[in-house]
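Undergrad: Just need the structure, nothing else, for what follows:
(one chain, ligands or ions: 1)
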Amino acid sequence: MSSRADLGMAREELAQARSVVALTGAGISAESGVPTFRGQDGLWRNYSATDLATPQAFARDPRLVWEWYQWRRGLIAKTTFNAGHAALARLEAGTTDFLLVTQNVDGLHRSAGSQALIEIHGNIWITRCTGCGERREDRRLDMELPPGCQCGGLLRPDVVWFGEQLELAALNRAQDACLSCDLMLVVGTSAVVQPAASFPMLAKQKGAKIIEVNLEGTPLSSWADYSFFDRASLVLPQLILPQS
Ligand code: OAD
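TA: Down below sits the predicted model:
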């Protein structure tokens with residue numbers, strides 16, 4: 001585990017880096033009140049991914065899948081971004097070449113002001129028509145379920161479900177950034193879901209420094225250059241100072 005002295009060194013490396021990629025997962029939004037997936041209170045403890053987050057589940061029972069997404073949308077609607085999200089938006093503003101790759105679908109990074117952002121698992125506030133393919137922002141919390149499109153097709157949340165491919169353009173952009181960055185910050189992800197879990201290794205193999213922030217050890221911790229085991233909303237503001 002990295003020490004207080006390491007915090008200063010990691011802060012300096014971040015401030016000096018020309019090209020930075022940040023990869024985030026559910027842990028960064030945990031302190032905003034958005035549940036994570038794994039761990040003691042994780043969603044996958046109480047809900048089945050197979051029943052709720054696969055194309056087969058949606059084909060079988062779109063209403064059930066939508067009820068679960070409406071429950072999650074209701075939870076997220078009550079939250080706001082935290083100091084961790086805000087620090088990453090600050091980092092973008094102060095870095096020549098920056099990309100934030102998030103696995104989160106909650107939209108909190110954008111609310112915090114991040115713009116160089118790829119939501120590789122989609123966004124829970126966007127719907128996509130399974131008929132005509134149209135995507136649109138949709139924040140309704142009290143609509144009839146499952147919602148339909150004007151074309152007659154069924155709407156689905158524009159998120160990536162298990163068994164589905166990530167959007168190729170987004171995946172390529174994220175991988176290219178990982179291959180060319182000087183430094184990668186990995187925050188609040190258990191680093192077990194592919195392909196995002198392999199992004200830090202891509203960066204490391206090309207010589208980038210890796211800084212990890214998580215409550216606990218992950219598969220990355222043994223080879224990350226720095227690992228800070230504490231809350232993202234505490235560590236990130238210390239790594240990314242307001243004036244940096
Ligand atoms: P997980 O729920 O797997 O992991 C969350 C991580 O955040 C864990 O390693 C926690 O230790 C850490 N954590 C929790 N609170 C934290 C805090 N306050 N500060 C820092 N770290 C904290 O979430 P993801 O890694 O994002 O995919 O999961 C990846 C994907 O698996 C999700 O996007 C989702 C899920 O199944 C799909 O739905 C396709």
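Undergrad: okay, CA-based contacts and neighbour counts for the rest of this
TA: Fine.
Undergrad: Quick one: distance of the longest strand seen in the chain to the chain centre.
TA: Scanning the chain for the longest strand, with DSSP state E as the assignment, gives strand 122-129. For strand 122-129, the distance from its own C-alpha centre to the chain's C-alpha centre is 15 Å (C-alpha atoms, centre = their mean, to the nearest Å).
Undergrad: what about it, near the ligand?
TA: No: counting by C-alpha under 6 Å from any ligand atom, the ligand is not contacted by strand 122-129; separation bottoms out at 8.8 Å.
Undergrad: Equivalent analysis for stretch 221-235, please.
TA: Yes: using C-alpha under 6 Å from any ligand atom, stretch 221-235 reaches the ligand at R231, A232.
Undergrad: If we go by neighbour counts, what in that stretch is buried?
TA: Judged by neighbour count using 16 or more other C-alpha atoms under 10 Å, the buried positions of stretch 221-235 are S221, A224, D225, Y226, S227, F228, F229, R231, A232, S233, V235.
Undergrad: Ok, stretch 37-56 next?
TA: Buried, per 16+ other C-alpha under 10 Å, within stretch 37-56: F37, L52, A53, T54, P55.
Undergrad: got a list of contacts for stretch 152-168?
TA: 49-50, 53-55, 66, 69, 105, 120-132, 135, 146-149 (C-alpha atoms under 8 Å, 6 or more residues apart in numbering).
Undergrad: now the helices for the protein?
TA: For the chain, the helices defined by DSSP state H cover 4-16, 27-30, 43-46, 49-52, 55-60, 62-77, 83-94, 108-112, 168-180, 199-205, 232-239.
Undergrad: Columns distance to D158 on top of those helices, output as a markdown table?
TA: Putting the helices of the chain into a markdown table (distance: least, C-alpha to C-alpha, whole Å) gives the following:
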| stretch | distance to D158 |
| --- | --- |
| helix 4-16 | 33 |
| helix 27-30 | 19 |
| helix 43-46 | 19 |
| helix 49-52 | 14 |
| helix 55-60 | 12 |
| helix 62-77 | 11 |
| helix 83-94 | 22 |
| helix 108-112 | 16 |
| helix 168-180 | 14 |
| helix 199-205 | 22 |
| helix 232-239 | 27 |
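Undergrad: looking at these, which is buried most?
TA: Most buried of the helices of the chain, by mean neighbour count (mean count of other C-alpha atoms under 10 Å): helix 27-30, with a mean of 24.
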